[in-house]
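S.K.: Okay, sequence plus prediction incoming.
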Amino acid sequence: MALLEIKGLTKNFGGLRAVDSLDIRIEEGEILGIIGPNGAGKTTVFNLITGVFSPDEGRIVFEGHEITGLSPQKVCHKGIARTFQLIKPFGDMTTLENVMIGAFCRAEKLSTAMMESEKIIDFAGLSLKRNFLAKNLTIGDRKRLELARALATQPKILLLDEVMAGLNPKETIEAIQLINQIQSRGMTLLVIEHVMRAIMSLSSRIVMLNYGKKIAEGNPKEISSDEKVIKAYLGERYDQARNERS
Amino acid sequence: MTLHVKRWAKSPNFPFYCFVLSLFFVPLFLQDPYFIHQLIFICLFAYLSASWNIIGGYAGQTSLGHSAFVGIGAYVSTLLFINLGLTPWVGMFAGGLAATLVSLIIGFPAFRLTGPYFALTTIAFCEILRLWVTDTETLLGISLKGARGILLPIKGHSPYDFQFVDKVYYYYIILMMMVLILYVCYKIENSKMGYYLRAIKGNQEAARSLGVEVTQYKLLAFAISAFFTGMGGVFYAQMVLFIIPERILGLDISIELALITIIGGRGTLFGPIFGAFLLRPLSEITAAYFGGTYLGVHLILYGVLLMVSILFIPKGMTELFNRLYLKLIRSL
Amino acid sequence: MDSLVTGIRMQIYLQAILNGILIGSIYGSVTLGLSLIFGVMKIINFAHGSVLMLGMFATYWIWIFTKIDPLVSAIFVVPLLFGIGYYIQSFFLNPLFRRESAEVVEPISALLLTAGLSLAIDNLSLLFFKSDYRTIQTFYTTSTVHVGGFTLSVPRLLVLGASILIYLCLLWIIRRSRLGRAIRATSQDRDAAALQGINIYKIYNFTFAIGSATLGLAGAFLMPYFYVHPSVGVVFTIKAFIVVVLGGMGSITGAVFGGLIVGMIESVGSLFVSTTTTDLLVFLIFIFVLLFKPSGLMGEE
């Protein structure tokens, strides 16, 4: 049984169909990459899974239980955590306090939350900055914070929305390492990414969306040679040129 | 032993703790009834502002209708006293509970809105209450006296009826209430609730994604705030022995509580205390200086200080003081 | 006999409706400027009523010292309030907006800032102008016209005229002028406008100035029959916000409709219940609209 299953998911905004009869399965322990041009509906899928929006049609099943339409808070408690494309740190709180908010999802006492948070901050490489106000962190550290905070909720599946955006090459490599470490601890990940290098190296499987529909699915090798993928990203004429050359 | 004392003396709030402690000894040195009377009102507004701080400061939801809770507390307790002879000591709890109930009625719809729209809604709710009471002579046979207000029967020195001739009694009661609300805020600050409220203040969407039941916590903070505010309303009624909707359900009190806390420091433990002790004496001094002809001169100051606060000192005066104190400690 | 009573009742209702339109136009005239300010800068301007009060006082003092009719003195009061509004935005509010681009500034800050400003202005006025209620008596203050059996107060008709004038002026400025185009661009997408070379802070200044200038016209036309007192500001501010919400925040046409609604409720309502109750009703409707139909009647413009 898949850890997370999306069946026939559809969402309209006014006249625009953002997500169209989407079917995706995510197996436990894998990293599933989601790629696609801007506006393909990737973040909307995240929002639907995490309960920010309710789907117009379709179901979302997590660990065999129906979670369609649950509020974001309840979805988090069930074990699905996410980061945001436009990161949302609690600016006037310290790194530690930020992560503690995540930890309080599973803890009641201040001391427990603090202890758990310290561990996660260590893991995320933010220990030196634990008492920095979130608004004073660099962009790279803020992304780590967003990640650490979500991790603190002890999720079973982590949804990362373009974590690499805005990172320099060194930071990108660190991010990839961190994500791999998270996976090796048994986490399942769903990753939206534009940075091709990163997603190709991280994912065991990749799904490509365009206009809200799934247009390709497979392992990184299959995807990188898939005609539809190339067409969507690089355009018709590149694809033609490629075919003519071969 | 000396090292231990030194450590918590380094806490930035240490001078404020000392200040509050010193308030207990004031009547030993100053017995002028006028002075004590002024102090009582400063402490009352400090207490009310500290109650406001729970929702307006820690949770960051600016209520501008808190006067409703002051008034509800006052009216409920007073009516129970006049009609059923219930001692205002119990009336305090009744008033607080009534205010809590109303806060939930207001909160459920109002918390669907944020920021300034929430503020406007609270103003509207409070005005509705004030207008309704103003227009109502009797309700279910109970005399509300509407716009004329209710005079409490004077019992002289009667502890059972929560009335005293010597103001010093009131002074110590309000001091105890101040300590109580400080304790409540301290406990909230250092609890899951406190952290959650700050997250809500920071970014509600992010908070939800981390499992925070935002609306529930907002309602909880609102309810706690309303309860203690209501109790403060009862104290006011017992001090002044006269309640009238224009004053006790009026926008003025709502704004003053918010103002005091914002200038003093929202979401800080001593912000409301500091704010009250800064602003209220200022208003007394300006009133005395300009005489009775120019009412509201202190409001000019309030307005200016509010603007200065928003523009230059958004964290409030206590934060400045904290930093000064820490600098002082380090240089020693 | 019955039909006579019904006839009289109809007469009373219709008169109330007509009065409602007139009262509504008062509220509309004051709110138009607020709608503009809100529509462009998305802030709750609590100082709106205070600026109106200043305009009314200016009209009053001009009349006291020069005997110039209030309607004529609008020529002076409108630019005066334009300047005051420009100054308020550039000195008090723009610093707040500038900070917003650097760090997150909560929208409530603008409300509180303008609330502080209104406190200061209102009470400074109390200090300097004292606490008397002042009125201007012109030759037409008590005039009425009789139209089709109904009595209409001339000063109120003039206010109706003023509100129409303000409405048309604003519409022209927003829709036809270059400034209006810049204002619309800024209100739709601040960053995009900035990238196009629009100095958004200057636009804010002009917006607030125009919004305040409308108060000059409204205030001058109000003086012939209303009174002025430093406390007049708060009442109008709250009323104006109710009208903005009812009519649709940011919609200038909505302000007119919102004003009419409030005017009707007050006028027709007063036939049945006390003023306190009509005020209460207005607040109730205000809450309802905020909660269930936040776009008001007309929505965004």
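M.R.: Now that the structure is in, tell me what you want to look at.
S.K.: Let me see the ranges of the strands in the chain.
M.R.: Answering for chain A, as no chain was given. For chain A, the strands defined by DSSP state E cover A:4-13, A:16-26, A:31-35, A:57-62, A:65-66, A:80-82, A:157-161, A:188-192, A:205-210, A:213-218.
S.K.: if you could check chain C rather than the one you did, that'd help
M.R.: Under DSSP E, chain C gives strands at C:134-135, C:144-147, C:150-153, C:227-228.
S.K.: circling back: most tightly packed of the strands of chain A?
M.R.: strand A:80-82 (a mean of 28; mean count of other CB atoms under 10 Å in any protein chain shown). All C-beta spots, glycine's among them, are computed from the backbone N, C-alpha and C.
S.K.: now for it, which elements pack on it?
M.R.: If you count contacts as 3 or more CB pairs under 8 Å, 6 or more residues apart in numbering or on different chains; DSSP states H and E, strand A:80-82 packs onto helix A:42-49, helix A:139-151, strand A:157-161.
S.K.: Throw the ones you listed into CSV and include mean pLDDT and distance to chain B, thanks.
M.R.: Putting the helices and strands packed on strand A:80-82 into CSV (pLDDT from 0 to 100; distance: least, CB to the nearest CB, whole Å) gives the following:
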stretch, mean pLDDT, distance to chain B
helix A:42-49, 93, 10
helix A:139-151, 94, 6
strand A:157-161, 95, 10
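S.K.: mind putting those in JSON lines, distance to chain C included?
M.R.: JSON lines is the format used below for the helices and strands packed on strand A:80-82 (distance: least, CB to the nearest CB, whole Å):
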{"stretch": "helix A:42-49", "distance to chain C": "20"}
{"stretch": "helix A:139-151", "distance to chain C": "13"}
{"stretch": "strand A:157-161", "distance to chain C": "20"}
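S.K.: Mind putting those into CSV with distance to A:Asp23?
M.R.: Putting those into CSV (distance: least, CB to CB, whole Å) gives the following:
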stretch, distance to A:Asp23
helix A:42-49, 11
helix A:139-151, 25
strand A:157-161, 17
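S.K.: Out of these, flag the one nearest B:Leu282.
M.R.: helix A:139-151 (41.4 Å; CB to CB).
S.K.: which other residues reach the closest one?
M.R.: Applying CB atoms under 8 Å, 6 or more residues apart in numbering or on different chains, the contact partners of helix A:139-151 are A:81-84, A:87-89, A:95, A:98-99, A:101-102, A:120-121, A:123-126, A:129, A:132, A:134, A:137, A:158, A:160, A:163, A:166-168, A:171, A:174-175, A:178, A:182, B:209-210.
S.K.: give me that answer again for 7 Å
M.R.: Residues outside helix A:139-151 that contact it (CB atoms under 7 Å, 6 or more residues apart in numbering or on different chains) are A:81-84, A:87, A:89, A:95, A:98-99, A:101-102, A:120-121, A:124-126, A:129, A:134, A:137, A:158, A:163, A:166-167, A:171, B:210.
S.K.: mind checking the end-to-end distance for stretch B:311-324?
M.R.: Using CA to CA, to the nearest Å, one end of stretch B:311-324 lies 20 Å from the other.
S.K.: Let me know whether it sits next to chain C.
M.R.: Yes - contact between stretch B:311-324 and chain C, assessed by CB under 7 Å from any CB of the partner chain, occurs at B:Leu311.
S.K.: So that stretch, near chain A or not?
M.R.: No - Stretch B:311-324 lies out of reach of chain A by CB under 7 Å from any CB, never closer than 8.7 Å.
S.K.: List the buried residues in that stretch.
M.R.: B:311, B:313-319, B:321-322 (16 or more other CB atoms under 10 Å in any protein chain shown).
S.K.: Report the two of those separated the most.
M.R.: Pairwise across these, and taking CB to CB, the largest span is found between B:Leu311 and B:Asn322, at 20.0 Å.
S.K.: need the contact list for B:Phe81.
M.R.: Neighbouring residues of B:Phe81 by CB under 7 Å, 6+ apart: B:88, B:91.
S.K.: and whichever strand or helix holds it, how far out from the chain's middle?
M.R.: For B:Phe81, the host element (DSSP states H and E) is helix B:67-84. How far helix B:67-84 lies from its chain's middle: 17 Å, per CA atoms, centre = their mean, to the nearest Å.
S.K.: Please save the CA atoms from it in CSV.
M.R.: This file holds the C-alpha atoms of helix B:67-84, laid out as CSV (Å, rounded to 0.1, in the frame of the first residue of the first chain):
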residue,chain,number,x,y,z
SER,B,67,-14.4,48.2,26.8
ALA,B,68,-17.2,45.7,26.3
PHE,B,69,-15.7,43.3,28.8
VAL,B,70,-15.0,46.0,31.3
GLY,B,71,-18.6,47.1,31.0
ILE,B,72,-20.1,43.6,31.1
GLY,B,73,-18.1,42.8,34.2
ALA,B,74,-19.3,45.9,35.9
TYR,B,75,-22.9,45.5,34.9
VAL,B,76,-23.3,41.8,35.7
SER,B,77,-21.7,42.1,39.1
THR,B,78,-23.6,45.3,39.9
LEU,B,79,-27.0,44.0,38.9
LEU,B,80,-26.4,40.7,40.8
PHE,B,81,-25.5,42.9,43.8
ILE,B,82,-28.5,45.2,43.6
ASN,B,83,-31.1,42.6,42.7
LEU,B,84,-29.9,39.5,44.5
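S.K.: Great, nothing more from me.
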